[in-house]
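Engineer: Next input, structure requested:
(one chain, ligands or ions: 2)
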Amino acid sequence: MSDTIAALSTPSGESAVALVRLSGGDCRRIAREIFGKQTIAPRSANFGIYRDLCGNFLDETIYAFFAAPSSYTGEDMLEISCHGNPFIVRKILDDLIARGARAAQPGEFTRRAFMNDKLDLSQAEAVALVIGARSARALEAAQKQLAGELGRRITKLSDSLMDMLAMAEAYIDFPEDDLPPEDERSLIESADSLSKQIESLLETAKYSHLVHRGINAVITGSPNAGKSSLLNSLVGDERAIVSETAGTTRDFITETVLIGKYSLNLTDTAGLREPRSEIEAKGIKLAVEKLKLCDIRLLVLDAASPMPDLPAEAAGTFSPQNTIIALNKCDLKDAKPSEFQNLSSRFETVEVSCRKGFGIDALRESIIKLIEKFHIRASADDVLVGARHAAALERALVSVREARKKVASGAAGELVASDLREALNSLGEILGKTDNEDVLDRIFSKFCIGK
Ligand SMILES: Nc1nc2c(ncn2[C@@H]2O[C@H](COP(=O)(O)OP(=O)(O)OP(=O)(O)O)[C@@H](O)[C@H]2O)c(=O)[nH]1
Ligand SMILES: [Mg+2]
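Structural biologist: Numbering: from 1, shown residues only. Ligands and ions are numbered 1, 2, ... in the order given. Next comes the predicted model:
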């Protein structure tokens, strides 16, 4: 019987309700002792006075008992909802430990769910993704993974590999026989089809981090062009200082904004020009560093001023795939958007006025268009592959290609089978069909306590 773990599953701090969770063999006994009831119907909400071991009143609570295996972890579980006061929560947790439970490690509830086959490893990882999702697209992808979609795709690939393995192994016992041409053809076709499917999954790894961590976007341009005004317009708040003094922004400011289904980590930076002071020089250096590393750039130009001469180091980072021009101050009488035609023929350009608020929605649309054209595949029915999955898929792909090469060159079935087995092992790692404790420790340590 597993030991019983306990943790606060809601954020610590003041709240209307806090949820304390337990999982393990002692849940039933602990619930009976605390609430003084001999029988507790599983899966029902019960009102109960929480009294500690010494009989002191701690709180009025609602609790629910889940009997194994019909629970999140697959073990007996107890959930106690108390008032969201950190002091009450501390007393309850101390009492639970005095009654024989122990404090849960980060991710330990989900780890137990995985160990008890309630979730495969990709689903367990998805629990953290669902909780951390900050955009509609990230949530869509995380929920699909939690529902087992990645697991199903990997299982399908593994099934095809097993068919191929059976075919290759059939000839291991007869080394003097060559693989019949029709089996050889069938193995090659299967290997090609598998490679294609793995490659298509791997494609999503190129942008899954953009979906989950958000797209890093930098606002850049000359001093006074209206960069901070644009950040404020997109955030919908007076977040950055706006002033008519050129060179106002020095340090960078990052805010997360939602644009369509996507989350953008939007950074306002210092205006680019020949610096007039040491502090401004530092700000510009930081701005250029941010520009070099970001995913997309919003170049703000003052439509009423001539085209500025931007430093080559910054200008060199712009391409039509990663840059949108916001032609600002189009409300001014002397604004001349047509003078920027040279640029607007190459870059997506939107005429805006941060002061009057026009063009901002069009800019949002252009940002979505650019993201979906060059950065994140728009279709929502793909499952997104994370870095750990991608590494395993890459290894599987190498083995499948190697097996194909061997079949084509008439190598012995044994050698082909060995590559196919390697590929199967690599795919197995994605779903956790591995007993590598280090991998599991690494995955679950990223969770918070109580998950
Ligand atoms: N007429 C007009 N003025 C604007 C517009 N947007 C910004 N401004 C003004 O332009 C000036 C500079 O705006 P900021 O947003 O501070 O410009 P910035 O690019 O962040 O400037 P630095 O931080 O100094 O590089 C302020 O006086 C703003 O009020 C606009 O759309 N129309
Ligand atoms: Mg500024």
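Engineer: I'd like to check which residues are in contact with residue 308.
Structural biologist: 221, 222, 225, 272, 273, 301 (Cβ atoms under 8 Å, 6 or more residues apart in numbering). Bear in mind the C-beta positions are built from the backbone N, C-alpha and C, glycine included.
Engineer: helix, strand or coil for it?
Structural biologist: coil (DSSP: H, G, I helix; E, B strand; the rest coil).
Engineer: returning to what we had before: the contacts of residue 308: which two are farthest apart?
Structural biologist: Greatest spacing in those, by Cβ to Cβ: 273 and 301 (13.5 Å).
Engineer: And for residue 165, the neighbour number?
Structural biologist: Counted with other Cβ atoms under 10 Å, residues neighbouring residue 165 total 22.
Engineer: Same question for the host helix or strand of it: list its buried residues.
Structural biologist: According to DSSP states H and E, residue 165 maps onto helix 149-169. For helix 149-169, a neighbour-count test (16 or more other Cβ atoms under 10 Å) marks 149, 150, 151, 153, 154, 157, 158, 161, 164, 165, 167, 168 as buried.
Engineer: With distance to residue 296 and pLDDT added, can I get those in a markdown table?
Structural biologist: What follows is the buried residues of helix 149-169, written out as a markdown table (distance: Cβ to Cβ, whole Å; pLDDT from 0 to 100):
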| residue | distance to residue 296 | pLDDT |
| --- | --- | --- |
| 149 | 28 | 94 |
| 150 | 27 | 95 |
| 151 | 32 | 94 |
| 153 | 29 | 95 |
| 154 | 32 | 95 |
| 157 | 33 | 96 |
| 158 | 37 | 94 |
| 161 | 38 | 94 |
| 164 | 42 | 93 |
| 165 | 44 | 91 |
| 167 | 47 | 87 |
| 168 | 47 | 86 |
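Engineer: For the helix holding residue 165, give me every contacting residue.
Structural biologist: Taking Cβ under 8 Å, 6+ apart as the rule, helix 149-169 contacts 120, 122-123, 126, 144, 179, 183, 186-187, 190-191, 193-194, 197-198, 201, 383, 385, 389, 396, 400, 403, 407, 413, 416-417, 420-421, 423-424, 427-428, 430-431.
Engineer: Now, of these, which are buried?
Structural biologist: 120, 122-123, 126, 144, 179, 183, 186-187, 190-191, 194, 197-198, 201, 383, 385, 389, 396, 400, 403, 407, 413, 416-417, 420-421, 423-424, 427-428, 430-431.
Engineer: want to throw the contacts of residue 308 into JSON lines with neighbour count, distance to residue 33 and pLDDT?
Structural biologist: Below are those laid out as JSON lines (neighbours: other Cβ atoms under 10 Å; distance: Cβ to Cβ, whole Å; pLDDT from 0 to 100):
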{"residue": "221", "neighbour count": "25", "distance to residue 33": "67", "pLDDT": "97"}
{"residue": "222", "neighbour count": "20", "distance to residue 33": "70", "pLDDT": "95"}
{"residue": "225", "neighbour count": "26", "distance to residue 33": "68", "pLDDT": "97"}
{"residue": "272", "neighbour count": "25", "distance to residue 33": "68", "pLDDT": "95"}
{"residue": "273", "neighbour count": "17", "distance to residue 33": "72", "pLDDT": "93"}
{"residue": "301", "neighbour count": "23", "distance to residue 33": "71", "pLDDT": "97"}
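Engineer: Averaged pLDDT, stretch 248-260. What do you get?
Structural biologist: Mean pLDDT, stretch 248-260: 95.
Engineer: Endpoint to endpoint, that stretch covers what distance?
Structural biologist: 30 Å (Cα to Cα, to the nearest Å).
Engineer: Give me the buried positions along that stretch.
Structural biologist: Neighbour count says stretch 248-260 has 248, 249, 250, 252, 253, 254, 255, 257, 259, 260 buried, by 16+ other Cβ under 10 Å.
Engineer: related to what we said a few turns ago, where do the contact lists of residue 273 and residue 301 overlap?
Structural biologist: Joint contacts of residue 273 and residue 301 (Cβ under 8 Å, 6+ apart) are 222, 308.
Engineer: hmm, back to that, tell me the two of the buried residues of stretch 248-260 that are most distant?
Structural biologist: 250 and 260 (31.2 Å).
Engineer: Please identify the helix or strand for residue 389.
Structural biologist: helix 387-408.
Engineer: Need the residues that contact that helix.
Structural biologist: By Cβ under 8 Å, 6+ apart, helix 387-408 touches 122, 125, 150, 157, 161, 164, 168, 179, 184, 187-188, 191-192, 194-195, 198-199, 201-202, 205, 209, 385, 415-416, 419-420, 422-423, 426-427, 429-430, 439, 443.
Engineer: With stretch 110-123 instead?
Structural biologist: Residues from elsewhere that reach stretch 110-123, judged by Cβ under 8 Å, 6+ apart: 2, 5, 23, 69, 72-75, 105, 124, 127-128, 145-148, 150-151, 154, 389, 430-432, 440, 443-444, 447, 451.
Engineer: now do stretch 90-107
Structural biologist: With Cβ under 8 Å, 6+ apart, stretch 90-107 has contacts from 3-8, 20-24, 26, 30, 33-34, 50, 52-53, 58-59, 80, 82, 111, 128, 443-451.
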